[in-house]
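# pasting the sequence and the predicted model now:
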Amino acid sequence: MKAYQKAYHEANKDKIKAYWKADSEAYKDKREAIKMDVFSHYSKKISNSDIPICACCGYNDIRFLTLDHMHGRKYVSQKEKKLNGIQLWKYIKSQGYPDGYQVMCYNCNLAKGPRKYCPHQLDRMKSN
C-alpha cells in the first residue's frame, strides 16, 4: 500500500499541491470573515463603526488585533479556556456575542497581562 501511495504522490505532485493550496486559501478567507464579524461587533461599542479597533489605543490594523478576556481567562468556563483563535471566535459568535470581551492590539493586551490595566489606561487615569 505504501509503495502505491508513494508512486501516486510522485506522479501527481502538482495536482496535490494545487488541491491543498486552494483548500488553505478557502480556510484563510473563512477565518478572516469570522474574525472580522466578531471584532467588528465588539469594536462597535467604542468606534461606532464596523472598523475593528483596539479598545485602549485605537489602533485599527486587523492583523495586529486580538480578542481580550476583559476579566481574565480564570472567569470563563473550562471549555472556553481551551479555545483560541478561530475556535474561540466561532464559539463567541454561536453564544450571541456575550459580554466580557474587547478588542485590543497585541501590545496593549500583552502589557495588560497579569495587571488589570494597560499602561495607556493607567496614563489616562492619572491625567483625569
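Nice, thanks for sending it over.
# helices of the protein, start to end?
2-11, 13-47, 78-81, 86-94, 106-112, 119-127 (DSSP state H).
# so for residue 71, which of these sits nearest?
helix 106-112 (11.4 Å; Cβ to Cβ). To be clear about C-beta, it is placed using only N, CA and C from the backbone, and glycine gets the same treatment.
# ok, and for the closest one, which residues are buried?
107, 108, 109, 111, 112 (16 or more other Cβ atoms under 10 Å).
# send me stretch 110-118 as PDB with only the CA atoms.
Coordinates of each C-alpha in stretch 110-118 appear next as PDB, following Å, rounded to 0.1, in the frame of the first residue of the first chain:
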ATOM      1  CA  LEU A 110       0.300  41.900  26.400                       C
ATOM      2  CA  ALA A 111       1.000  44.900  28.500                       C
ATOM      3  CA  LYS A 112      -2.200  44.400  30.400                       C
ATOM      4  CA  GLY A 113      -1.200  40.800  31.000                       C
ATOM      5  CA  PRO A 114      -1.400  40.000  34.700                       C
ATOM      6  CA  ARG A 115      -2.300  43.600  35.600                       C
ATOM      7  CA  LYS A 116      -5.800  44.900  35.400                       C
ATOM      8  CA  TYR A 117      -5.000  47.800  33.100                       C
ATOM      9  CA  CYS A 118      -2.800  48.600  30.100                       C
END
